[in-house]
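Enquirer: Just a sequence and a predicted model for now, questions to come.
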Amino acid sequence: MKEKVIFISVWKAICRDLTLLPGGFSIWMKSLRGAFVVFSSPFRCVAIALLALLGSALPVVGFAADGEKIFRTNLNDDLQTIDPFSFTGLITYNLLSQVYQGFTALSPDGRVVPALATSWHTPDGGWTWRIVLRSGVRFHSGREFTAEDVRWTFVQLLKKRPQPSLGAFELRQVVGAQDVEDGRTEALAGVTVIDRYTVDVHFTAPDAVFPLVPFFFVDSGIVAQYGPDWVGHGSAGTGPFRLVSWRRNQDVVLAAHRDYWGGAPSVDGVRFSVIPHAETLLARYNSGALDFVVIPELVARSILNDHRYDAQRLTFPRSQIRYIGMNQALYPPFRDIRVREAVGLALDRDSIVTGLYRGAATRMDGVIPSDLGGYRAGNVAPVPYDPAQAKRLLAEAGYGEGHPPPPLELVGTDNVRDEVTVYAGQLSAVLGISVGVLILERGAQITAANQGQLPFFVSGWTADYPDALTVLRPVWYGASPFNRSRWHNPGFDRLIDEAETVSDPNQRHLLCQEAERVLISDRAVVPLPVPMSVALARPGVTGVHVLPMGMLDLRDSVLP
Amino acid sequence: MLAMAVLFSFVVSRLIPGDPVALMADGQGGDPEFVRRLRQAAGVDLPVWQQFFTYGMDVLHGNLGMSWRYGGVPVATLILDAAPITFPLVIVTMIVAIPLGIGVGALSAHRARAGFDIAATIGAMVVLSIPPVVLATWLMLGATAFFGQSASGELASFADWVVPITALVMAPAALIARTTRAQVLDVMGQDYVRYARAKGLTETAIFFHHVLPNVMVAVWAIVGILAGAVLTSTAVVEIVFDLPGLGQLAIFSVLSRDYSLAGVIILIFVVFQVVISLICDLAIISLDPRTRHPQDRP
């Protein structure tokens, strides 16, 4: 009772003092005094707290109120935008691929399969592509997808200002693209609509992989329906789900497209919750608030080692490469091929696969992921773990006992901290080189790597389209701004230049395989194991696939 | 002060290594022309002094710019979306923390070295020693384990508020309690309190008429600092509880080098701190007549 009196009196003192302040505060404090009356009894306070706890203990509702089956999953970061003409990031791409589609798509095992195009061929080695479109495809609006939508989408991509999407740059070699980009015309001369379901695309230089580029085709009637600011009001794709809402940093809600050409999805909708914090993600999954979660790489290892999740854990291969880059200009010992080869021989990559990742990683000997067109098993010889041979090569290069190469640091980002630490330890132990570990924030590491400032680093690349060129061209072509090790080989560049003009996939892939052999035989890179995508599915949730490029395939998903 | 804040946020954000354009394309984007166009769109192709001049003039004219991270959405829109999460969190936190801290502190002093005081002291020390991110994560995991209530990602119901507010309230309440306790004990030993006792006033009257008004001066001084600290610590709580407020937005903007957005959020934090400090100064002036005419003091 005495405590209550003191408490009330203290509160009154605060109210009294604050009411001396200018007018508005008096009103504010009067309201607070009123509220205080409610809370003045300690018993009432306890009751309210209990009610709060009771409310919070209510089970999380898994389905929509009217019994609809909503598939609940996560995004590790928010979208940039929902505008299919101006996105740039992978997360946005992966989500929008539920709503929009291109000429081709990927099957769960990474094969290219027809999507909005049923066939494509080039009569002149990539100068012209004739693309036959799928008939009977309906947009979310109910309108039919036709060749006119292809042409309209290309024009919108080229006109987009100020922030263009990646798709706009895949059109730069289309005849007349520059005129549309510069605003001189809206007629894209290089695109000819032959009939309702056939379109010809003409190029100023051969483009071997044009049909594989993941464009998002948009309903040309959407502007007439919703006006120029249609994004956020309407859903304009042909995908299995239509966009319902996007709340920034909160969630994205999709609804099933019942007229989807591939058959309506078995769920009624999808809710992607934006959950960047790994512990929060697991807490929400454990509480039953999510049906399926893709685990962030930082905590994937702990999930792999947690036996509670054995029955719920799923792993999916990734279309990605990881590698150790060696910049010969910044660290002179790397100019000797024997030193570079010794680095590869000193690393026990199998122990990373079995130990660090409990088998949920793919060992790579080359640089073309197995799910990309152009991969050939055995194209390059595996580099074994051979510490004795590594030491011998290093000694032959003039770095024998008592003469180790200068110390250096292996640079990585937070998501590969463990691997970098293990690799640096192995190199130090086997080769006698003092190898430190430097973990940089992701943005800083990308900038330094792209500027060629890192002598020794762990980096990676995710495929943009399902062909070996998507990796070989940006990462090792001499003039590429993403050639982070600044390796340059005229023979390799010639092969890539030639491959880019060969439309026949078999011939192109032979050139890519030869380029891969040149790269590996020069010991320019040490391919590293690639961890698989790790996901958890609530018991009874089936039919969900994480595609090699990271997208979720939810068309056949089934909820319990 | 605001100009300094603008300058500070601009300089610091540019000093941090990291290329916003490379991050926008997730470190990829194989086409140099694509990268050039993105740089142009983001305005980072201009010299730094020109970027600052443009940024400063825009802020002065009330144009907060566009967010690169969110594909050209006006920064003002993002702020208006996030502020209704953060500011109610801060206000409710302070509304709970101030009376709670004063009450616990006053009781501790009243029963100094008794059981309640020892428990309150240990509790405050523990709360103040634990990093906020750990405390918030424990509370979130505890709520999930015991009540099945995980971070729902919004503040739609009363239950959604309870755990985040608890996480935010504990540290400021503990600090206010410690300050109140020390002040009460100090004031209780002053001559004018002895004089009041000699006059025959009851302990309760002494406490409320002579002790508390003096204690409140110190408490308001600390509240002015704490409110700003609570605002910035909402970032941790918003991340852990998955709430789309200003703090979470600030972290995303810094990580993605969204200079415009990060700069404006820092500016808002500074403005908030200035306003709260002003309010607390006014409260102190109203409580302590000596602060009204400092020239009269000996």
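Expert: Cool, got the structure.

Enquirer: For stretch B:49-60, buried residues please.
Expert: Buried residues in stretch B:49-60, defined by neighbour count with 16 or more other Cβ atoms under 10 Å in any protein chain shown: B:51, B:52, B:55, B:59. Yep, even glycine has a C-beta here, placed from its N, CA and C like the rest.

Enquirer: do the same with stretch B:225-235
Expert: Neighbour count says stretch B:225-235 has B:226, B:227, B:228, B:230, B:231, B:232, B:233, B:234, B:235 buried, by 16+ other Cβ under 10 Å.

Enquirer: where does the stretch 151-298 of chain B dip in pLDDT?
Expert: The model of the stretch 151-298 of chain B has pLDDT under 70 over residues B:151, B:292-298.

Enquirer: who in it is up against chain A?
Expert: Residues of the stretch 151-298 of chain B found near chain A (Cβ under 8 Å from any Cβ of the partner chain) are B:151-154, B:157-160, B:162-163, B:204, B:207-208, B:212-213, B:216, B:239-242, B:244, B:248-249, B:252, B:255-257, B:279, B:282-283, B:286-287.

Enquirer: So which of those sit within helices?
Expert: Among those, DSSP state H puts B:158-160, B:162-163, B:204, B:212-213, B:216, B:239-240, B:248-249, B:252, B:255, B:279, B:282-283, B:286-287 in helices.

Enquirer: about what we covered before: turn the buried residues of stretch B:49-60 into TSV, columns for distance to chain A and pLDDT.
Expert: TSV is the format used below for the buried residues of stretch B:49-60 (distance: Cβ to the nearest Cβ, whole Å; pLDDT from 0 to 100):
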residue	distance to chain A	pLDDT
B:51	16	80
B:52	20	80
B:55	16	77
B:59	20	76
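
Enquirer: ranges for the strands of chain B?
Expert: With DSSP state E as the criterion, chain B has strands at B:66-67, B:73-74.

Enquirer: who are the neighbours in contact with residue 124?
Expert: In the absence of a named chain, this looks at chain A. Going by Cβ atoms under 8 Å, 6 or more residues apart in numbering or on different chains, residue A:124 touches no other residue.

Enquirer: I was after chain B.
Expert: Shown in contact with residue B:124 (Cβ under 8 Å, 6+ apart): B:174, B:175, B:177, B:178.

Enquirer: Which residue lies closest in space to it, excluding its sequence neighbours?
Expert: Take residue B:124 and drop its neighbours on the chain: the residue closest to it by Cβ to Cβ, 6 or more residues apart in numbering or on different chains is residue B:174, 3.8 Å away.

Enquirer: Which of the residues of the stretch 151-298 of chain B next to chain A are buried, as a PyMOL select command?
Expert: Only the buried entries of these go into this PyMOL selection, using 16+ other Cβ under 10 Å:
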select buried, chain B and resi 151+152+153+154+159+160+162+163+207+208+212+216+239+240+241+242+244+248+249+252+255+256+257+279+282+283+286+287
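
Enquirer: picking up where we left off before, of the buried residues of stretch B:225-235, closest to chain A?
Expert: Distances from chain A to the buried residues of stretch B:225-235, taken as Cβ to the nearest Cβ, are shortest for residue B:235 (11.5 Å).

Enquirer: how far away is the closest residue to the closest one other than its chain neighbours from residue B:240?
Expert: Nearest non-adjacent residue to residue B:235, counting by Cβ to Cβ, 6+ apart: residue B:247, 2.9 Å away. Distance of residue B:247 to residue B:240, computed by Cβ to Cβ, to the nearest Å: 10 Å.

Enquirer: picking up where we left off before, name the stretch among the strands of chain B that sits most buried.
Expert: The highest mean neighbour count among those, using mean count of other Cβ atoms under 10 Å in any protein chain shown, belongs to strand B:66-67: a mean of 26.

Enquirer: which residues are contacting that strand?
Expert: Residues outside strand B:66-67 that contact it (Cβ under 8 Å, 6+ apart) are B:72, B:73, B:74, B:75, B:78, B:253, B:258, B:260, B:261.

Enquirer: neighbours around the first one, how many?
Expert: Yep, that's residue B:72 we're talking about. Residue B:72: 18 surrounding residues under other Cβ atoms under 10 Å in any protein chain shown.

Enquirer: Which of the buried residues of stretch B:225-235 fall in helices?
Expert: Judged by DSSP H, helices contain the following of the buried residues of stretch B:225-235: B:226, B:227, B:228, B:230, B:231, B:232, B:233, B:234, B:235.

Enquirer: tell me which of those is nearest to residue A:67?
Expert: Proximity of those to residue A:67 (Cβ to Cβ) peaks at residue B:234, which lies at 37.1 Å.
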